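In: using only what follows, build the 3D model:
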Amino acid sequence: MIAGSLFSGVLLAFPCLVTVGIYIGLNAQSIFNSGFKGSYGVPTDLSNRTIVETNRYCQKAFGITPSPGQYTFNPNQWGLSASDASSLCMNITTDNRVSDSSRAASSFSATWQYPPGPETMPVHAFPNVKLVDNSSIPVTLSEFSGLNIDVKWSYNGGNAASNSTDQSSLRTAGLNANVAVDMFLAADKTKSGSTTDAQHEVMVWLGRWGVSTQPIGYPLGSKDAFAIDGVRFDLYTGSNSFGQKVWTWVAAKNATTFAGDVGPLITRLSNKGGPATSDYLGYVGFGTEAYNSAANVTFYVPQLSLKVSKKS
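Out: Predicted coordinates for the structure are as follows:
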């Protein structure tokens with residue numbers, strides 16, 4: 001397995017950022033242009049202005065940074081051939097009543113469908129939200145004190161976002177995918193923010209489906225185990241095609257609601273050949289690696305907050 005998040009760096013090739021109020025991306029396949037409805041509330045209109053609005057983005061890769069600007073969203077369809085059309089649309093819902101100081105990300109969903117890819121590149125996309133916080137990252141692990149994640153998510157067959165996961169619909173669709181926190185680290189401060197130049201990638205899988213969805217190093221077995229928020233995580237490790245060391249913590253059971261500090265999953269790697277205390281954590285994101293599905297499936301994140309803390 002090649003971690004699709006390695007290519008979330010495609011975002012760097014699309015530097016133009018837009019507010020969500022601009023409606024973009026109507027050139028998707030027809031399956032996404034008809035009957036595509038998320039379970040979002042009716043927009044509230046006060047004083048003739050929209051308070052809550054949802055917009056759709058179907059580009060292969062695009063940086064979207066809604067106000068207050070602490071997160072950048074990206075459909076990030078990197079694993080497509082030149083002849084492939086977009087098979088994913090990302091919906092982002094914003095509420096302009098949210099305080100600029102809020103740590104909450106806008107709610108979002110991604111509906112997609114892809115055929116199986118080659119064994120050497122099974123991931124088609126990593127629709128994700130990336131933390132943008134220059135005050136906290138990059139940070140050396142010697143100064144790092146924690147990464148708090150508060151998230152609720154769901155996965156379902158079909159086009160509609162739902163607050164709960166329907167496993168039977170995912171079995172019918174033949175879903176192969178994961179839900180993951182993605183991080184990159186390097187000895188060089190600048191390289192730590194690059195998904196291709198960083199020395200280490202650390203992933204925390206909160207969910208996975210399908211026999212194709214395996215972390216790098218899975219055949220070699222678990223190298224460690226640790227529990228956070230009542231969830232046991234097993235560690236798998238190996239190298240990818242970029243020569244990066246990939247460290248993947250996989251939840252023993254899908255955690256559709258998770259609130260906890262995953263910092264120990266990063267710092268405990270230093271005595272296993274992982275990132276040193278002098279290395280920088282420079283990239284933090286959350287999304288789903290989309291492998292393949294025979295029918296439309298929808299990943300929905302109604303609640304997400306990411307916070308990197310430093311030692312005082």
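
In: quick one: contacts for residue 131?
Out: 70-71, 137, 284-285, 306, 308 (Cβ atoms under 8 Å, 6 or more residues apart in numbering). C-betas here are computed from N, CA, C, even on glycine.

In: possible to save these as CSV with pLDDT, distance to residue 54 and secondary structure?
Out: Output for the contacts of residue 131, formatted as CSV (pLDDT from 0 to 100; distance: Cβ to Cβ, whole Å; DSSP: H, G, I helix; E, B strand; the rest coil):
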residue, pLDDT, distance to residue 54, secondary structure
70, 92, 19, coil
71, 95, 16, strand
137, 96, 29, coil
284, 98, 25, strand
285, 97, 21, strand
306, 97, 21, strand
308, 97, 28, strand
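
In: how about those in CSV, adding distance to residue 172?
Out: Shown next, in CSV, are these (distance: Cβ to Cβ, whole Å):
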residue, distance to residue 172
70, 37
71, 32
137, 40
284, 34
285, 29
306, 32
308, 39
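
In: return the member of those nearest to residue 278.
Out: Nearest to residue 278, judged by Cβ to Cβ, of these is residue 137 at 15.4 Å.

In: and the gap between the closest one and residue 224?
Out: 24 Å (Cβ to Cβ, to the nearest Å).

In: the two: who's more crowded?
Out: Between residue 137 and residue 224, residue 137 has the larger neighbour count (other Cβ atoms under 10 Å), namely 21 against 16.

In: for the contacts of residue 131, which one is nearest residue 155?
Out: Distance to residue 155, by Cβ to Cβ, is smallest for residue 285 among the contacts of residue 131, at 17.8 Å.

In: could you give the number of residues near that closest one?
Out: Other residues close to residue 285 by other Cβ under 10 Å number 24.

In: thinking again about what came up before, quick one, which of the contacts of residue 131 are buried?
Out: Among the contacts of residue 131, the ones that count as buried by 16 or more other Cβ atoms under 10 Å are 70-71, 137, 284-285, 306, 308.

In: between those, which is closest to residue 147?
Out: Nearest member of these to residue 147, counting by Cβ to Cβ, is residue 308, at 5.5 Å.

In: wait, doesn't the closest one sit right on residue 144?
Out: Yes. Under the criterion of Cβ atoms under 8 Å, residue 308 makes contact with residue 144 at 7.2 Å.

In: joint contacts of those two?
Out: Listed as contacting both residue 308 and residue 144 by Cβ under 8 Å, 6+ apart are residue 281.

In: the longest helix anywhere in the chain packs against which elements?
Out: Taking DSSP state H as the criterion, the chain has its longest helix at helix 167-173. Contacts defined by 3 or more Cβ pairs under 8 Å, 6 or more residues apart in numbering; DSSP states H and E place helix 167-173 against strand 144-157, strand 297-310.

In: now the first one against strand 297-310, angle please.
Out: Okay, so that is strand 144-157. Taking axes from the mean of the first three to the mean of the last three Cα atoms, to 10 degrees, one finds strand 144-157 and strand 297-310 inclined to each other by 170 degrees.

In: run the chain-centre distance for stretch 53-73.
Out: Centroid displacement of stretch 53-73 relative to its chain, using Cα atoms, centre = their mean, to the nearest Å, is 13 Å.

In: what's the answer for stretch 254-266, then?
Out: From the chain centre to the centre of stretch 254-266 is a distance of 14 Å (Cα atoms, centre = their mean).

In: ditto for stretch 243-253
Out: On Cα atoms, centre = their mean, the centre of stretch 243-253 falls 14 Å from the chain's centre.

In: now do the buried residues in that stretch.
Out: 244-251.

In: then stretch 160-177?
Out: Counting neighbours by 16+ other Cβ under 10 Å, stretch 160-177 gives 160-162, 165, 169-170, 173-177 as buried.

In: again with stretch 262-278
Out: 262-263, 265-267, 269, 274-275.

In: do the same with stretch 286-300
Out: Using 16+ other Cβ under 10 Å as the test for burial, stretch 286-300 gives 286-293, 296-300.

In: correct me if wrong: residue 91 contacts residue 108.
Out: Yes. Look at residue 91 against residue 108 with Cβ under 8 Å: they come within range, at 6.3 Å.

In: of those two, who's got more company?
Out: The neighbour count for residue 91 versus residue 108, taken as other Cβ under 10 Å, is higher for residue 108 (28 against 23).

In: doesn't that one belong to a strand?
Out: Yes. Residue 108 forms part of a strand when assessed by DSSP: H, G, I helix; E, B strand; the rest coil.
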